[in-house]
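1. what follows is a predicted protein model with its sequence.
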Amino acid sequence: MPVHAPTYTPADLGLAIENLRTSAPLIQCLTNAVVTNFTANVLLAAGASPAMVDVPGEAAAFAPVASAVLVNLGTPHAGQRQAMLEAARSAHSAGTPWVLDPVAVGFLEVRTRFAAELLAQRPTVIRGNASEIPALAGSGAGGRGVDATDDVEAALAPAAQLAGSCGAVVAVSGPVDLVTDARRTVRVPGGDALLTRITGGGCALGALVAAMVAANDGEALLGTVAAHALYSAAAERAAATAAGPGSFAVAFLDALAAVTPGDLSAQAVTA
Amino acid sequence: MPVHAPTYTPADLGLAIENLRTSAPLIQCLTNAVVTNFTANVLLAAGASPAMVDVPGEAAAFAPVASAVLVNLGTPHAGQRQAMLEAARSAHSAGTPWVLDPVAVGFLEVRTRFAAELLAQRPTVIRGNASEIPALAGSGAGGRGVDATDDVEAALAPAAQLAGSCGAVVAVSGPVDLVTDARRTVRVPGGDALLTRITGGGCALGALVAAMVAANDGEALLGTVAAHALYSAAAERAAATAAGPGSFAVAFLDALAAVTPGDLSAQAVTA
Amino acid sequence: MPVHAPTYTPADLGLAIENLRTSAPLIQCLTNAVVTNFTANVLLAAGASPAMVDVPGEAAAFAPVASAVLVNLGTPHAGQRQAMLEAARSAHSAGTPWVLDPVAVGFLEVRTRFAAELLAQRPTVIRGNASEIPALAGSGAGGRGVDATDDVEAALAPAAQLAGSCGAVVAVSGPVDLVTDARRTVRVPGGDALLTRITGGGCALGALVAAMVAANDGEALLGTVAAHALYSAAAERAAATAAGPGSFAVAFLDALAAVTPGDLSAQAVTA
């Protein structure tokens, strides 16, 4: 289904980013122990407000007041799994958009069973890499961690199938990101390889997707694409001055706060 | 009760900071998963020694050898709550100063009940924002996370009431910080808004309060004020060179190690 | 047993580092909450691939596919202890090299008992400071946290005894690092005191040891020495431009990615 006109113009994406900065959505994150700090800093730098409420007995109560919820399966200890299920159920029931990041699903048993259970709560967006998305869709062997070992374009068919069966927008991150709602598929080029040399590069993107969807009236496809475009533009801006992965991470946070709609021209996306 | 003379001179505060650097107090932190790393780095940069001992069965044994203890309720999972109660009881019993940071108390049930239980162990200092302190004092709706939604000056009456009922020093962080022991109220101006664009800005301050009280013979009001003054001066110094939130966090750690008594003139505080 | 020729030349160590960068080993880390992020970033900067798989029910399955495993006892909560034991058993059984970092063993009961249990699974390398290694060897009082309170050279005898009884390489970090397999003892000079002003300086080194051993055919003595040499060279390079502990940590990550064999001349080590 080739479509030759851009699905979203740089102006559309710039407006989506402005909406994030002016609305400062409150994002409940239930995420892994490795990236909580970086994820919260990415949200703050981009203009959102993080709340890492992942304790059983509190997670359900928070989801209805949150603007959106992120559930990331990177280090899903028992107590956190219980809170994640509470939050996903509560978000689904309250109509709060929520994002599922199925880290390393496929090979690792506990999270693979748990991810299937979470799908019943109808995530608004599913974001993963080219190993995880096919594994969650029931094809592919899954990833060995947060690093993708498979090709992004090869993940398009499983991604579209997953999007169709779940009613979710599905995003596959890679050198060129894919975002699909089963009917429409958008590609977001750009970014920088240094994003793969710092931890949390993919995980924090899931949180930004949640924030961008919340800030744009729950428009899941637009929000997901705009989050990827902002991320790519900020990575390019940071890479221009970085001396290595340490200074890249610092400059990336600075860039998330500084990117202007004009920086997004290279992230113009076509269907 | 207006008092026109400064409660503490810049020289008093400079001496308190020197005491921290020369005594290198050992601070036991039981804190939230988002900010453990930043909190430890803040303590190290300022000259203290962090020890994140928050495992049940160990926390009680450590509190008597620690110079001070921090209990921060940001992500209070069940095992950590047990360790927090152990540590608070042990600190109270051993005479080790301890600081309570009641993150997001008010709206979230588990931590709100738990904070009330902790108050029985007589914290030396309670540090929070303008939403949390009134909620802990029994007035106000509480915060939705680490961001204050209420006004600092409006929190003065509940803060003083809480200080009186608990026998604690109570600090309310904001654009101008309030520190009160019920009888005396000190205001600490300065700082920078970039502190609200990085995660852990408030949480790590709680740890620094613990360190500063420990380094100054348990003088809770002086230590708490000096910690706020150092924090504000370091934030100003960092903001002068930062290009955004990422580089601010880095420069802030550098500044905590570098602030001199002369930098504190703007933090002269009046009652 | 003095040996006057260098055990490893700078060229040997440079080759070991090249092996790390070209093989990109997958390192399973079960480590403490304070340093997970920094540890993952150290591994990524150096050229390895981190996977923080520490959930019971998953940890055992992952160890055989990992290139090496790190078990760090910094904040050993109950669920993590269970996963650590799973991973150590599985690594031992599968022949995957694994590194034990016995943080604060000696004074704290839970981890001290647990470390003894882990030793039965035959770690390939044990890395600690001059308080922890003697405590694990059954002499000395143990550390009060991650800071060593004892002298490195005084730890040589207990380190060699531990190496002999466990069949492990044992490393003691300090101003001059000691690495011994009971028969041979290697000293690695260099580094910078700023490493003690950031959290995770020692803990992340344990992960790098795991990566370097994995990348060099399981040669534990060479890998452990090369990891310490890379770490020291990167610290020196970072200290040359750092303005304090914050900018040091950033420059250190940059340096880990940039160190060349030529930077290692000062880390030439003698037996």
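-> Cool, the structure landed.
2. tell me the SS of the closest residue in space to A:G191 that isn't next to it in sequence?
-> Nearest residue to A:G191, sequence neighbours excluded (Cβ to Cβ, 6 or more residues apart in numbering or on different chains): A:S232, at 4.0 Å. Backbone N, C-alpha and C define where each C-beta goes, glycine included. Under DSSP: H, G, I helix; E, B strand; the rest coil, the three-state class of A:S232 is helix.
3. quick check: A:S232 touching A:D177?
-> Yes: with contact defined as Cβ atoms under 8 Å, A:S232 counts as touching A:D177 (7.5 Å).
4. show me where pLDDT drops low in chain A?
-> Applying pLDDT under 70 to chain A flags residues A:1-6, A:140-150, A:266, A:268-271.
5. nearest residue to the residue sitting furthest away from the middle of it in space, please, no chain neighbours.
-> Relative to the C-alpha centroid of chain A, counting by Cα atoms, centre = their mean, A:A243 is the outermost residue, at 26.6 Å. Excluding the flanking residues, the one nearest A:A243 by Cβ to Cβ, 6+ apart is C:D254, at 4.9 Å.
6. run through the residues that contact the one you found.
-> C:D254 makes contacts with A:A242, A:A243, A:G244, A:P245, A:G246, A:S247, C:A45, C:A238, as judged by Cβ atoms under 8 Å, 6 or more residues apart in numbering or on different chains.
7. that older thread, touching both of A:S232 and A:D177, which residues are there?
-> What both A:S232 and A:D177 touch, as defined by Cβ under 8 Å, 6+ apart, is the set A:V188, A:P189, A:G191.
8. any of those residues buried? List them.
-> A:V188, A:G191 (16 or more other Cβ atoms under 10 Å in any protein chain shown).
9. nearest to chain C, of the shared contacts of A:S232 and A:D177?
-> A:G191 (16.1 Å; Cβ to the nearest Cβ).
10. okay, stretch A:76-91 in PDB with CA atoms only?
-> Provided in PDB are the C-alpha atoms of stretch A:76-91 (Å, rounded to 0.1, in the frame of the first residue of the first chain):
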ATOM      1  CA  PRO A  76      10.300  -7.600  35.900                       C
ATOM      2  CA  HIS A  77      10.700  -8.700  39.500                       C
ATOM      3  CA  ALA A  78       7.600 -10.300  41.100                       C
ATOM      4  CA  GLY A  79       6.400  -7.200  43.000                       C
ATOM      5  CA  GLN A  80       6.800  -5.000  39.900                       C
ATOM      6  CA  ARG A  81       4.900  -7.500  37.700                       C
ATOM      7  CA  GLN A  82       2.000  -7.300  40.100                       C
ATOM      8  CA  ALA A  83       2.100  -3.500  40.000                       C
ATOM      9  CA  MET A  84       2.400  -3.600  36.200                       C
ATOM     10  CA  LEU A  85      -0.800  -5.700  35.900                       C
ATOM     11  CA  GLU A  86      -2.600  -3.400  38.300                       C
ATOM     12  CA  ALA A  87      -1.500  -0.400  36.200                       C
ATOM     13  CA  ALA A  88      -2.400  -1.900  32.800                       C
ATOM     14  CA  ARG A  89      -5.800  -3.000  34.000                       C
ATOM     15  CA  SER A  90      -6.500   0.400  35.600                       C
ATOM     16  CA  ALA A  91      -5.300   2.300  32.500                       C
END
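11. quick one: it near chain C?
-> Yes: contact of stretch A:76-91 with chain C (Cβ under 8 Å from any Cβ of the partner chain) involves A:P76, A:H77, A:A78, A:G79.
12. quick one, what contacts the third one?
-> This points to A:A78. C:P56, C:G79.
13. ok, now the last one?
-> Under the criterion of Cβ under 8 Å, 6+ apart, the contact list for A:G79 reads A:V55, A:P56, B:H77, B:A78, B:G79, C:G79.
14. now these in CSV, with distance to C:G223 and secondary structure?
-> As requested, the contacts of A:G79 are exported to CSV (distance: Cβ to Cβ, whole Å; DSSP: H, G, I helix; E, B strand; the rest coil):
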residue, distance to C:G223, secondary structure
A:V55, 40, coil
A:P56, 41, coil
B:H77, 36, coil
B:A78, 39, helix
B:G79, 34, helix
C:G79, 30, helix
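15. kindly reformat the residues you listed as CSV containing distance to A:L162.
-> Shown next, in CSV, are the contacts of A:G79 (distance: Cβ to Cβ, whole Å):
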residue, distance to A:L162
A:V55, 30
A:P56, 28
B:H77, 31
B:A78, 34
B:G79, 35
C:G79, 30
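16. and the helices in the stretch 1-150 of chain A?
-> Per DSSP state H, counting those that start in this stretch, the stretch 1-150 of chain A carries helices over the ranges A:10-23, A:36-46, A:59-62, A:78-94, A:109-119, A:132-137.
17. distance to B:L264 for those - can I get that in TSV?
-> TSV is the format used below for those (distance: least, Cβ to Cβ, whole Å):
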stretch	distance to B:L264
helix A:10-23	34
helix A:36-46	27
helix A:59-62	39
helix A:78-94	42
helix A:109-119	50
helix A:132-137	51
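18. mind checking these for the one nearest to A:L222?
-> helix A:10-23 (6.0 Å; Cβ to Cβ).
19. next, the buried residues of the closest one.
-> A:P10, A:D12, A:L13, A:G14, A:L15, A:A16, A:I17, A:N19, A:L20, A:S23.
20. that one - contacts with which helices or strands?
-> Helix A:10-23 is packed against helix A:201-215, helix A:220-239, with contacts defined by 3 or more Cβ pairs under 8 Å, 6 or more residues apart in numbering or on different chains; DSSP states H and E.
21. reformat those as CSV; add mean neighbour count.
-> As requested, these are exported to CSV (neighbours: other Cβ atoms under 10 Å in any protein chain shown):
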stretch, mean neighbour count
helix A:201-215, 29
helix A:220-239, 26
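22. save those as JSON lines, and put in distance to B:A210 too.
-> Shown next, in JSON lines, are the helices and strands packed on helix A:10-23 (distance: least, Cβ to Cβ, whole Å):
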{"stretch": "helix A:201-215", "distance to B:A210": "30"}
{"stretch": "helix A:220-239", "distance to B:A210": "35"}
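23. how about the residues of the stretch 101-250 of chain A near chain C?
-> A:104, A:107-111, A:144-147, A:196-200, A:242-247, A:249-250.
24. filter these down to the buried ones.
-> Judged by 16+ other Cβ under 10 Å, buried ones among those: A:104, A:107-108, A:110-111, A:144-147, A:196-200, A:242-247, A:249-250.
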